[in-house]
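**Q** Task: produce atomic coordinates for the following.
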Amino acid sequence: MHKHSKICMFLALIWIATVYAESVIVTPTQSNERKLKSAVFRSPAFVLGPGQVQNKIYLGIDFPKGHIALKGFDAEVVDEGGNSIPLHETYLHHWLVETLYHKMPLTEEQTKAQTRRVHSSNYIIAGNDGICQDHILSQIFGLGSETRHTSTFIPDPYGIVVGDPKQILEGYVEDWMLNVHAIDTRGVVNSLGCTECRCNLYNVTKDEYGRPLRQNYIGGLNCCYEGTQCQLKEGFQGEIRTLYLKYTVYWMNLDESIVPVRTYILDVTDTGQRSDGSSRGQSHVGCQVEYDVAPCSAGSPPSECINTREAHMAIPQGGDVIYAVAHQHTGGLGSVLYGQDGREICSSLPLYGQGSEPGNETGYIVGMSTCYPEPGSVKIYNETLKLQAKYSSEIRHTGVMNLFYLLIADSVHNVSVSSY
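**A** Here you go, the predicted model:
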């Protein structure tokens with residue numbers, strides 16, 4: 001085990017190639033119209049050899065249809081036999097699921113388009129309820145290496161309501177897209193460096209659009225895009241594997257008993273500034289999504305090697321906190337959201353693996369703790385929130401993230417909570 005991994009675990013204990021998807025496995029479970037339903041699907045296949053990267057966007061994925069209430073979304077990387085793949089072989093940087101509207105019907109050329117991004121008059125990104133700038137962190141669900149041990153369930157009577165015909169523009173239909181960013185680290189010279197997308201390990205000087213990297217950019221998403229290759233140990237040979245993202249969707253038919261929630265994603269790198277959209281660049285204002293952690297001074301004790309970052313923001317509409325969880329990368333020590341008066345709204349802590357099997361990989365974050373307050377017990381008002389992130393700084397980290405998912409509902413009296 002790396003020394004920094006031991007420190008992280010110790011401190012934690014004290015916290016688009018665009019293609020159309022195909023369904024492979026469908027196992028709905030339902031006993032009556034009011035009960036929870038679930039279905040298991042898998043993404044189109046992606047192929048990875050040692051050190052290779054895939055970061056595709058899949059349009060039209062299999063997803064429950066109709067005006068429904070989503071209750072959860074679980075995912076993991078598997079092989080052709082359905083076997084779970086460990087993070088030390090294929091690192092799941094992130095998966096994201098979001099809604100979009102597209103003109104109907106799509107042409108054959110549109111369904112087979114090989115563009116990286118979905119920027120076209122044929123598509124409208126529905127997004128969530130905020131708070132970043134347009135098309136940044138607009139997903140409904142999304143996790144990374146922590147996916148196997150991080151709960152996404154939404155307790156009764158709450159749900160994320162989708163498929164409302166009143167929200168769909170005339171001439172468009174609602175659809176779903178999935179982004180999977182996976183890095184094969186078999187045989188690489190520096191596993192952590194590859195998962196943190198160190199530019200020198202990928203021999204990258206330009207981003208995926210051919211633009212030169214900004215000065216002093218040494219690692220992050222701009223260096224580990226689709227088709228890049230992380231440096232391998234000399235002479236290493238490994239098989240090329242066909243993999244999938246297996247995902248399970250939970251939902252209920254919508255009725256008057258469902259209480260809708262609003263989905264907010266907060267980012268500790270949020271500058272609070274917003275652009276008018278007239279110019280785009282790598283150093284965009286607002287949510288930067290990722291940042292670097294500089295190493296502490298040589299000889300510093302581990303207890304002093306903690307990087308703390310904070311940001312202040314407000315959400316458009318407050319209410320009762322129903323669910324909250326943070327997303328962090330290796331080195332993360334936890335994240336806390338505070339109200340304007342300093343009260344703690346939610347603390348989300350990482351779980352580090354201590355073995356080699358899938359879901360317990362040493363040195364990786366394999367889970368994040370979640371917050372499920374009793375209805376009405378934790379509220380967000382018309383106030384400025386403080387998001388705090390902590391990372392170990394015993395060594396340098398690049399391209400780290402600290403996102404915070406919030407589900408908020410209007411206050412409802414006499415609500416009893418149950419989960420599936």
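**Q** so what's Glu239 closest to, chain neighbours aside?
**A** For Glu239, ignoring the flanking residues on the chain, the nearest one in space by CB to CB, 6 or more residues apart in numbering is Gly49 at 7.6 Å. Just so you know, the C-beta spots here come from the backbone N, C-alpha and C atoms, and that holds for glycine as well.
**Q** Can you name the residues that contact Thr271?
**A** Going by CB atoms under 8 Å, 6 or more residues apart in numbering, Thr271 touches Val285, Gly286, Gln288, Ala311.
**Q** again with Val161
**A** Taking CB under 8 Å, 6+ apart as the test, what Val161 contacts is His67, Ile68, Ala69, Leu70, Leu254, Ile258, Pro260.
**Q** and what of Trp176?
**A** Contact analysis of Trp176 by CB under 8 Å, 6+ apart lists Gly60, Ile61, Phe63, Val97, Glu98, Thr99, Leu100.
**Q** can you pick the most crowded of these?
**A** Phe63 (24 neighbours; other CB atoms under 10 Å).
**Q** That one reaches Thr248, doesn't it?
**A** No. Phe63 is beyond contact range of Thr248, at 11.6 Å (criterion: CB atoms under 8 Å).
**Q** Quickly list what's touching both of the two.
**A** With CB under 8 Å, 6+ apart, Phe63 and Thr248 have common neighbours Phe41.
**Q** all strands of the stretch 1-150 of the chain, in order?
**A** Using DSSP state E, counting those that start in this stretch, the strands of the stretch 1-150 of the chain run over residues 18-20, 37-42, 46-48, 53-59, 68-79, 90-103, 123-125, 141-143.
**Q** want to throw the ones you listed into TSV with distance to His329 and mean pLDDT?
**A** Shown next, in TSV, are the strands of the stretch 1-150 of the chain (distance: least, CB to CB, whole Å; pLDDT from 0 to 100):
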stretch	distance to His329	mean pLDDT
strand 18-20	26	36
strand 37-42	25	97
strand 46-48	20	97
strand 53-59	16	93
strand 68-79	17	98
strand 90-103	8	94
strand 123-125	25	86
strand 141-143	12	98
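**Q** Using a markdown table, please lay out those strands together with distance to Leu169.
**A** Formatted as a markdown table, the strands of the stretch 1-150 of the chain follow (distance: least, CB to CB, whole Å):
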| stretch | distance to Leu169 |
| --- | --- |
| strand 18-20 | 21 |
| strand 37-42 | 27 |
| strand 46-48 | 32 |
| strand 53-59 | 18 |
| strand 68-79 | 20 |
| strand 90-103 | 6 |
| strand 123-125 | 7 |
| strand 141-143 | 23 |
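**Q** And these: which comes nearest Gly331?
**A** strand 90-103 (14.0 Å; CB to CB).
**Q** Taking strand 68-79 as reference, get the angle to the closest one.
**A** Orientation of strand 90-103 against strand 68-79 (axes from the mean of the first three to the mean of the last three CA atoms, to 10 degrees) gives an angle of 140 degrees.
**Q** strands paired with the helix or strand hosting Ile408, and their directions?
**A** Per DSSP states H and E, Ile408 falls inside strand 402-409. Strand pairing for strand 402-409, using DSSP bridges, gives strand 262-267 (antiparallel), strand 319-328 (antiparallel).
**Q** Residues contacting the shortest one, please?
**A** Taking CB under 8 Å, 6+ apart as the criterion, the residues outside strand 262-267 that touch it are 128-132, 137, 139-140, 160, 287-289, 311, 313, 315, 317, 319, 337, 385, 387, 401-409.
**Q** Generate a PyMOL selection restricted to the buried entries among those residues.
**A** Here is the PyMOL selection string for the buried members of those, based on 16 or more other CB atoms under 10 Å:
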select buried, resi 128+129+130+131+132+137+139+140+160+287+288+289+311+313+315+319+337+385+387+401+402+403+404+405+406+407+408+409
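**Q** Report the residue spans of the stretch 51-200 of the chain with pLDDT below the cut-off.
**A** In the predicted model of the stretch 51-200 of the chain, residues 105-121 satisfy pLDDT under 70.
**Q** Number of residues surrounding the closest residue to Val97 other than its chain neighbours?
**A** In space, and not counting its chain neighbours, Val97 is closest to Phe141: 4.8 Å by CB to CB, 6+ apart. Number of residues near Phe141 (other CB under 10 Å) recorded here: 21.
**Q** Also Ala298?
**A** A count of nearby residues for Ala298, using other CB under 10 Å, gives 5.
**Q** Then Val259?
**A** Counted with other CB under 10 Å, the neighbours of Val259 add up to 20.
**Q** correct me, but Leu406 touches Ile315?
**A** Yes. Counting by CB under 8 Å, Ile315 is a contact partner of Leu406 at 7.1 Å.
**Q** which residues sit against stretch 42-51?
**A** Outside stretch 42-51, the residues that touch it by CB under 8 Å, 6+ apart are 19-25, 54, 56, 58, 61, 78, 80, 90, 178, 180, 182, 184-188, 194, 229-232, 236-247.
**Q** And these, which of them are buried?
**A** Counted by 16+ other CB under 10 Å, those give 19, 21, 54, 56, 58, 61, 78, 90, 178, 180, 182, 184-188, 194, 229-232, 241, 243-247 as buried.
**Q** Please name the nearest non-neighbouring residue to Thr150.
**A** Once flanking residues are discounted, Thr150 sits nearest to Met368: 4.8 Å by CB to CB, 6+ apart.
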